Structure formats: structure tokens, C-alpha cells
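Asks: Give me a 3D structure for the following:
(4 chains)
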2 protein chains.
Amino acid sequence: MVELRTAASPAAPGNLDLVFHALADATRRAILHEITHGERSVGELAQPHAMSLAAVSKHLDVLERASLIQRRRSGQHRFVRLNPRPLAAAQDWLAFYRQFWSANLDRLQELLESPHPPKSVASKRTHRRTVKEK
Amino acid sequence: MVELRTAASPAAPGNLDLVFHALADATRRAILHEITHGERSVGELAQPHAMSLAAVSKHLDVLERASLIQRRRSGQHRFVRLNPRPLAAAQDWLAFYRQFWSANLDRLQELLESPHPPKSVASKRTHRRTVKEK
DNA sequence: AAAATATTCAACCGATTAGTTGACAATTCG
DNA sequence: CGAATTGTCAACTAATCGGTTGAATATTTT
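Replies: As a prediction, the model looks like this:
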């Protein structure tokens, strides 16, 4: 399921729920970090963590539901590989808030010149922003 | 483990846990988005969401525990203000993974713009693997 | 002072979470 | 073949989650 998201839409809501939930656990974040160095077997991933293999397997379930990893079988091993794309969605969502912690972005002016009505925030305005990072 | 701690912040050790957990709910993300336009009372924040005021108040508890908002009392209202700093920590954590998805996204974009359907994108190996096989 | 308004608190509920243990399945090795 | 090795599945548990309702607490208004 290749879902392509535009940076303008902070939506893709179900996905962000899953992704942020997957990231809200230190063990899972550690696993993600470990597999940035390449595929790892489940046993290798479990070793540094003080829990059963089954527990790690369930963490992998969570990561897989969020499409953050893929598992493939090779012999008696299951190899786990990183799929970083959903992280881009998460960062896209967060990038919107960058203007609020970094004061001298040009986005801030755009925000300040727009009126802020008491309500009607719910409309998904496409804040078309091409984030130019350093 | 990228557990960064701001010196002046009374941030708890499990900071990223709390922040990502807070973000893993669409209602809370919507609340954060709404208060980017300025302070809002709890009632104002609750109105667009089909749930009780108490439920929204609990969502605010979660956001406050993650230090993503501050509440202040003014008369009979409680005003809710965004505190974006923890989002910077979250984005810092995610930024590390940028190197892993940028290449993929570029390639995906290429494939989607090409007249031929993408083939075997899943097997593309875009980052080095240090597989230690036996 | 009494009533209305705004929000939280407390208790409760069903669903989900993160972990366990033990049985099972698939693969490899002697 | 039989026995390890590797990982998942199934069932169970305690804790947490996201929601409800109703009472309690401030504050403002009448």
C-alpha cells in the first residue's frame, strides 16, 4: 500500500495515529534505530532488550501496522528492515509547528498577517509549504 | 538513544514517550492545530469535537503532561496555549531518519511520474546494509 | 444570596497495551 | 529421521486509554 501524501495535507489521519503510537515507546524507537544499520533478525533485535522474544515480536507487530518495518523470512530467520516513509509523514506534520519554535522563519509573517477568527479552524486549509530545510 | 534534555526544562526522562503518545490521537493533534491561532478556552476547543467537555479536559491533561500546552485561568475560563518546544525534540528525533526516506521518496516520485507502472519498488535497496550473515 | 457558567474531579466502563508463559510451526543440522 | 534453533500464536494479566456521567469547585451574573 503505497500512499503518497502531499506535504500540504497534514491529514492521512489513521496513519499518523499508528505512526505516532508506534514511536511512543522507547523499545520500538530503539529497534528502528538499530535497523538503520541494515536488516536485523528478530533475535538480534531482541537481545539488547530485557524482555521475551514474544514481546519484541509484538513490538514488531506495532511497527509493521504503522508500515515502519517490513519482515521477510530467510531460512529460519525473520529479517526486519526499515521502511522510513511513514516517518516522513510524521515529520511533515511536525514541520508545520516549526514556525512556532523557530522565531525567524518567513512562515511566521504569513501566519501573523492572517486574521485569526475565534473558530473555523476546522477547515483543512492547505498550508502549502515547501519546507526548505538547511 | 537520543534522549535529549533541555537544561532549563523540567522535562521528564520519558519525554519522547509522552510527546509521541500525545500526538498519537487525532483529537489532540487537532487541538494543537487550533491553538496555533492563539489561546483558546476549553469550551472553544471542545466544541468542534463530538465528545464531552470532560473528555476534552482529559485530552488536555495528556497534552499538558507532555508539556505541549499550558493552561492558565482567567475568570471562569481556562485558556490553553501551545508550547511547541517538545515538538522540536520530536522533530529532532525524526530528523535523523530523513536520510533514509529522502532517497526513497525521490525515487518514488520518479517512478510515479514515469508512464510505466512502478515495478519492484519494495525491493529497492537504498541504503547500505551491514548484514552479518552466518 | 442565589443562579448560571466553565471546567475539573471522581468513579466507572469496555477496549487496548505491554508484558508473560507455553504450545506450535518452520527450518536447519547431526 | 530426530533434535535444535528461530520466531509466532494463543491465552492470560495488570495497567492504561478514551470515553461516559454526575458531583464538586470557582467565577460571574442577576
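Asks: Quickly note the distance from residue A:17 to residue A:56.
Replies: 22 Å (C-beta to C-beta, to the nearest Å). From N, CA and C alone the C-beta is placed, and that goes for glycine too.
Asks: out of those two, which sits in the busier spot?
Replies: Legend: neighbour count by other C-beta atoms under 10 Å in any protein chain shown for residue A:17 and residue A:56, higher for residue A:56 (21 against 16).
Asks: That one contacts residue A:50, correct?
Replies: No - counting by C-beta atoms under 8 Å, residue A:56 stays clear of residue A:50, with 10.6 Å between them.
Asks: Is there contact, residue-wise, from stretch A:16-23 to DNA strand D?
Replies: No - judged by C-beta under 7 Å from any atom of the strand, stretch A:16-23 stays clear of DNA strand D, getting no closer than 8.1 Å.
Asks: Please see if that stretch touches DNA strand C.
Replies: Yes - contact of stretch A:16-23 with DNA strand C (C-beta under 7 Å from any atom of the strand) involves residue A:21.
Asks: Need phi/psi at residue A:68.
Replies: phi -90, psi -20 (degrees, to the nearest 10).
Asks: actually residue A:72, sorry about that
Replies: Main-chain torsions, residue A:72, degrees, to the nearest 10: phi -140, psi 150.
Asks: bridging residues for the residue lying closest to it once chain neighbours are set aside?
Replies: Distances taken as C-beta to C-beta, 6 or more residues apart in numbering or on different chains place residue A:79 nearest to residue A:72, at 5.4 Å, with adjacent residues excluded. For residue A:79, the beta-bridge partners under DSSP bridges are residue A:41, residue A:72.
Asks: surely residue A:31 meets residue A:61?
Replies: No - with contact defined as C-beta under 8 Å, residue A:31 does not reach residue A:61; the gap is 11.7 Å.
Asks: if you count what's nearby, which of those two comes out ahead?
Replies: For residue A:31 versus residue A:61, neighbours defined as other C-beta under 10 Å are more numerous around residue A:31 (26 against 13).
Asks: so does whichever helix or strand that one is part of get close to chain B?
Replies: Taking DSSP states H and E as the criterion, residue A:31 maps to helix A:26-34. Yes - applying C-beta under 8 Å from any C-beta of the partner chain, one finds helix A:26-34 in contact with chain B at A:26, A:29, A:30, A:32, A:33.
Asks: average model confidence for that helix?
Replies: Mean pLDDT, computed over helix A:26-34, is 98.
Asks: Kindly report the same for stretch A:59-75.
Replies: Stretch A:59-75 shows a mean pLDDT of 97.
Asks: list the buried ones in that stretch?
Replies: Within stretch A:59-75, the residues that count as buried by 16 or more other C-beta atoms under 10 Å in any protein chain shown are A:59, A:60, A:62, A:63, A:64, A:66, A:67, A:68, A:69, A:71.
Asks: Which members of those occur in strands, if any?
Replies: A:69, A:71 (DSSP state E).
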